[in-house]
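Asker: the following comprises the amino acid sequence and a computationally predicted model.
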Amino acid sequence: MTLSVNPGPAADAADRLSALQDYQLVKNSLPRVRAAALAWRNGVGALLVGLIGFGLIKGRTDVGELASPYDAMVGFLLLAALVAGTTAALLLLRAAHGRPAAVAIREHKDSGGSALGTDHTEALRAADALLQGVVLSLACTALLVLAVGTTWYGPAKKDPRIEVTTPTGTRCGEVVRMTAGRLTLKTNSGEITVDLDSAAGMRAVDSCTSTTASQGSQ
């Protein structure tokens, strides 16, 4: 069986107009993606700068003030935010300005051997980089918000406690004040005062047990 191919009908004005519009769409795709990437880069950069500035002003200045494991959690969130933000910045720069390399001849031939085909391939890659950069930028923002929120609302590290041994028992709590040889401790049951002249020993402890953190006045 022999197949014969015959020419189709001649293109009319509508066909030529449609082809011209398709050509202009492909031709202008790369500049449009570049312009969108620049806008996103500037907008995301301003957002991150504002968020970081707000966190530095309002959050705790020392992560070491947080109780464990919240201090480590903030460090992990900040590290993840740094990785996501750096990757997002590189992708947005890639989308806005292209790769820092010349177009290879093989790549040019694979795109059809024309400047239009090469630009269209680059536009598709830039659009992918732009999308990934925006997603990672939002992830970076979310991680920074979590880190700053944890510094705000995370429990503070407890101050060291003092355990004082007296003839009538052991007293333990957080130091409130010391005047005239009398030490005032803050315990879970309230403030107690210990006479240091009668104390047999005193040492710093990380926490007080229920048996030593008794209330009373000595």
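Answerer: Okay, I see it.

Asker: could you name the helices and strands sitting against the helix or strand T141 falls within?
Answerer: Using DSSP states H and E, T141 sits within helix 115-153. Applying 3 or more C-beta pairs under 8 Å, 6 or more residues apart in numbering; DSSP states H and E, one finds that helix 115-153 contacts helix 13-27, helix 29-58, helix 70-97, helix 105-110. The C-beta positions use only the backbone N, C-alpha and C, and glycine is treated the same way.

Asker: what about whichever helix or strand comes after that helix, average pLDDT?
Answerer: Per DSSP H and E, the first helix or strand lying C-terminal to helix 115-153 is strand 161-166. Mean pLDDT, computed over strand 161-166, is 81.

Asker: how about strand 161-166: buried residues?
Answerer: R161, I162, E163, V164, T165, T166 (16 or more other C-beta atoms under 10 Å).

Asker: would a markdown table of those with distance to N188 be doable?
Answerer: As requested, those are exported to a markdown table (distance: C-beta to C-beta, whole Å):
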| residue | distance to N188 |
| --- | --- |
| R161 | 11 |
| I162 | 14 |
| E163 | 14 |
| V164 | 16 |
| T165 | 19 |
| T166 | 19 |
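
Asker: of those, which is the nearest to V194?
Answerer: V164 (5.0 Å; C-beta to C-beta).

Asker: could you list the domains of the chain?
Answerer: Domains of the chain are assigned by automatic domain parsing as 16-153, 161-205.

Asker: quick one, which of those is nearest to S4?
Answerer: domain 16-153 (26.0 Å).

Asker: tally of neighbours for T121?
Answerer: T121 has 17 neighbours, counted by other C-beta atoms under 10 Å.

Asker: A10 now?
Answerer: 6.

Asker: i'd like the first residue to be 894 from this point on
Answerer: Sure, I'll start numbering at 894, so the last one becomes A903.

Asker: tell me the secondary structure for it?
Answerer: The assignment at A903 comes out as coil when based on DSSP: H, G, I helix; E, B strand; the rest coil.

Asker: about what we covered before: can you redo the domains of the chain as CSV with distance to L896?
Answerer: As requested, those are arranged in CSV below (distance: least, C-beta to C-beta, whole Å):
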stretch, distance to L896
domain 909-1046, 26
domain 1054-1098, 94
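
Asker: so how far is the helix holding T1034 off the chain centroid?
Answerer: 13 Å (C-alpha atoms, centre = their mean, to the nearest Å).

Asker: ok, back up a step: which of the buried residues of strand 1054-1059 sits closest to K1079?
Answerer: R1054 (9.3 Å).

Asker: identify the residues contacting the closest one.
Answerer: Contacts for R1054 were tallied using C-beta atoms under 8 Å, 6 or more residues apart in numbering; they are C1065, G1066, E1067, A1097, V1098, D1099, S1100, C1101.

Asker: taking the residues you listed, tell me the two that lie furthest apart.
Answerer: Maximum distance among these (C-beta to C-beta): 12.9 Å, for G1066 and D1099.

Asker: what about these two, which has more around it?
Answerer: G1066 (25 against 8).

Asker: my guess is the more buried one meets T1102, correct?
Answerer: No. Judged on C-beta atoms under 8 Å, G1066 makes no contact with T1102 at a distance of 11.6 Å.
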